[in-house]
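Asker: Quick one: sequence and predicted model below, then my questions.
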Amino acid sequence: MNDETYLDAFNLLCGKLIGEGIHRKVFACKLRPDLVVKVEDSDFRYFANVLEQRFWDDNREYKPVSKWLAPCEYLSPDGRLLLQRRCDPVREKDLPDKMPSFLTDLKPANFGWLDGRLVCTDYAITIPNPSIRLRKADWTTE
């Protein structure tokens with residue numbers, strides 16, 4: 001596939017840039033406004049999308065864990081693109097004092113509101129065997 005085809009497909013799927021982290025950029029999805037498109041950087045492959053999709057797949061039916069996660073809907077074959085449910089931004093004053101132990105990257109930017117509940121939108125870095133034990137949340141991590 002040539003660069004023009006890739007760019008054309010990217011522009012068809014990805015809208016406005018709405019966030020970015022160390023390994024990925026997050027775009028509004030042009031085809032479905034209820035989704036975001038997470039695009040992994042091609043310079044360094046951390047496979048964050050693959051890790052996030054796998055954690056979702058492993059826990060989607062386990063409600064004590066899945067209720068804390070923004071659902072993943074589609075992972076591209078090479079893992080560079082992940083479609084995830086779009087969440088509304090969270091305000092720091094709305095963050096709880098306690099969070100499940102398996103959520104390790106507690107930054108307000110990694111959370112949002114979905115269907116009236118707080119969910120994690122960036123959970124590529126999690127504990128594989130999740131503990132749902134609540135612990136005091138330290139929201140100062142950057």
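Answerer: Yes, it's here.

Asker: Quick one: neighbours of residue 23, just the number.
Answerer: 19 (other Cβ atoms under 10 Å). (Each C-beta comes from the backbone N, C-alpha and C, glycine too.)

Asker: hey, where'd the strands end up in this structure?
Answerer: Here the chain has its strands, by DSSP state E, at 14-20, 24-29, 35-40, 72-75, 81-85, 88-89, 98-100, 111-114, 117-120, 134-136.

Asker: okay, those in JSON lines with distance to residue 5 next?
Answerer: Formatted as JSON lines, the strands of the chain follow (distance: least, Cβ to Cβ, whole Å):
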{"stretch": "strand 14-20", "distance to residue 5": "15"}
{"stretch": "strand 24-29", "distance to residue 5": "18"}
{"stretch": "strand 35-40", "distance to residue 5": "16"}
{"stretch": "strand 72-75", "distance to residue 5": "20"}
{"stretch": "strand 81-85", "distance to residue 5": "15"}
{"stretch": "strand 88-89", "distance to residue 5": "34"}
{"stretch": "strand 98-100", "distance to residue 5": "42"}
{"stretch": "strand 111-114", "distance to residue 5": "32"}
{"stretch": "strand 117-120", "distance to residue 5": "34"}
{"stretch": "strand 134-136", "distance to residue 5": "47"}
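
Asker: how about those in JSON lines, adding mean pLDDT?
Answerer: Shown next, in JSON lines, are the strands of the chain (pLDDT from 0 to 100):
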{"stretch": "strand 14-20", "mean pLDDT": "96"}
{"stretch": "strand 24-29", "mean pLDDT": "97"}
{"stretch": "strand 35-40", "mean pLDDT": "96"}
{"stretch": "strand 72-75", "mean pLDDT": "97"}
{"stretch": "strand 81-85", "mean pLDDT": "97"}
{"stretch": "strand 88-89", "mean pLDDT": "94"}
{"stretch": "strand 98-100", "mean pLDDT": "93"}
{"stretch": "strand 111-114", "mean pLDDT": "96"}
{"stretch": "strand 117-120", "mean pLDDT": "96"}
{"stretch": "strand 134-136", "mean pLDDT": "89"}
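
Asker: Relative to residue 128, which of the ones you listed is closest?
Answerer: strand 98-100 (13.9 Å; Cβ to Cβ).
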